[in-house]
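>>> Provided below for reference: sequence and predicted model.
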Amino acid sequence: AQSVTQLGSHVSVSEGALVLLRCNYSSSVPPYLFWYVQYPNQGLQLLLKYTSAATLVKGINGFEAEFKKSETSFHLTKPSAHMSDAAEYFCAVTRMDSSYKLIFGSGTRLLVRP
Amino acid sequence: DGGITQSPKYLFRKEGQNVTLSCEQNLNHDAMYWYRQDPGQGLRLIYYSQIVNDFQKGDIAEGYSVSREKKESFPLTVTSAQKNPTAFYLCASNEYYSNQPQHFGDGTRLSIL
């Protein structure tokens, strides 16, 4: 079955350090990919999306992600973490049944230490 | 501003009771979705609707029901058959059969009394 794997349910970084959140997907064809952020007791907000136009995708709040077909990965990065980045992050891919429904990873909670 | 409104923000259910969660959007989107979020499990699809008067079961539809009488509205009923309803429920929408991202409401947290 198609799946999305986010390595690490919790990631902790110091303020100013590099943020790296990992996402791997299983799909025989390149899907559409998304990263969302969720703050406590709120809905999901889109950070960025990959829809085959460019492999390096820039999003909001200084985040970017690189699509690597050979590694079936779409890792999220930010050069310098800010306290306001503390939240839960979800990777999602479109299903292979052409319905454009999404499959979500289990999420990674980012903690930023002062 | 366009968006998705979910209400109420918090809801409590008694044993044997059905409760209905509201979802309204003014984005003119055709497709709407209901997800359930449990800690450590990401989002799971309950029901979705791609056009008015039509909807399909998602991955965990048992114990839930929906209706889509208007384009703007997609209410979710959590029935007494859902034995473990405590969760955070999220409604989303996007354009029909589109790779455009889904827009989300701020969720309803349902708890059992």
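Now that the structure is in, tell me what you want to look at. Numbering: from 1, shown residues only, chains lettered A, B, ... in the order given.

>>> from now on I want contacts and neighbour counts done on CA atoms only, so please keep to that.
Will do.

>>> nearest the geometric middle of chain B, what residue?
B:W34 (2.9 Å; CA atoms, centre = their mean).

>>> apart from its neighbours in sequence, what residue is nearest B:L21?
B:L76 (5.1 Å; CA to CA, 6 or more residues apart in numbering or on different chains).

>>> what residues does B:Q82 make contact with?
B:62-64 (CA atoms under 8 Å, 6 or more residues apart in numbering or on different chains).

>>> top of those by number of neighbours, please.
Counting neighbours by other CA atoms under 10 Å in any protein chain shown, B:Y64 leads the contacts of B:Q82 with 20 neighbours.

>>> so what's the residue lying closest to that one once chain neighbours are set aside bridging to?
Excluding the flanking residues, the one nearest B:Y64 by CA to CA, 6+ apart is B:V78, at 4.8 Å. Counting by DSSP bridges, B:V78 is bridged to B:V19, B:Y64.

>>> where does chain B dip in pLDDT?
Applying pLDDT under 70 to chain B flags residues B:1, B:97.

>>> the strands in it, which residues?
Along chain B, counting by DSSP state E, strands occupy B:4-7, B:10-13, B:19-25, B:31-37, B:43-51, B:54-57, B:64-66, B:76-78, B:87-94, B:103-104, B:108-112.

>>> tell me the secondary structure for A:S70?
Using DSSP: H, G, I helix; E, B strand; the rest coil, the structure places A:S70 in helix.

>>> count of residues packed around A:Q2?
12.

>>> er, A:V13 I mean
The number of residues packed near A:V13 is 19, by other CA under 10 Å.

>>> return the distance of the helix or strand containing it from the chain's centre.
Assessed by DSSP states H and E, A:V13 sits inside strand A:10-14. In this view, strand A:10-14 has its centroid 15 Å away from the chain centroid, taken as CA atoms, centre = their mean, to the nearest Å.

>>> direction included, what does it pair up with?
When pairs are called by DSSP bridges, strand A:10-14 turns out to pair with strand A:108-113 (parallel).

>>> for chain A, what lies in contact range of chain B?
Where chain A comes near chain B, counting by CA under 8 Å from any CA of the partner chain, the residues are A:9, A:32, A:34, A:41-46, A:49, A:51, A:90, A:94, A:99-100, A:103-107.

>>> of those residues, buried ones?
Buried subset of these (neighbour count, 16 or more other CA atoms under 10 Å in any protein chain shown): A:32, A:34, A:42-46, A:49, A:90, A:94, A:100, A:103-107.

>>> which of these fall in strands?
Among these, the ones falling in strands (DSSP E) are A:34, A:44-46, A:49, A:90, A:94, A:103-104.

>>> wait, which of these is closest to B:K14?
Proximity of those to B:K14 (CA to CA) peaks at A:L44, which lies at 28.3 Å.
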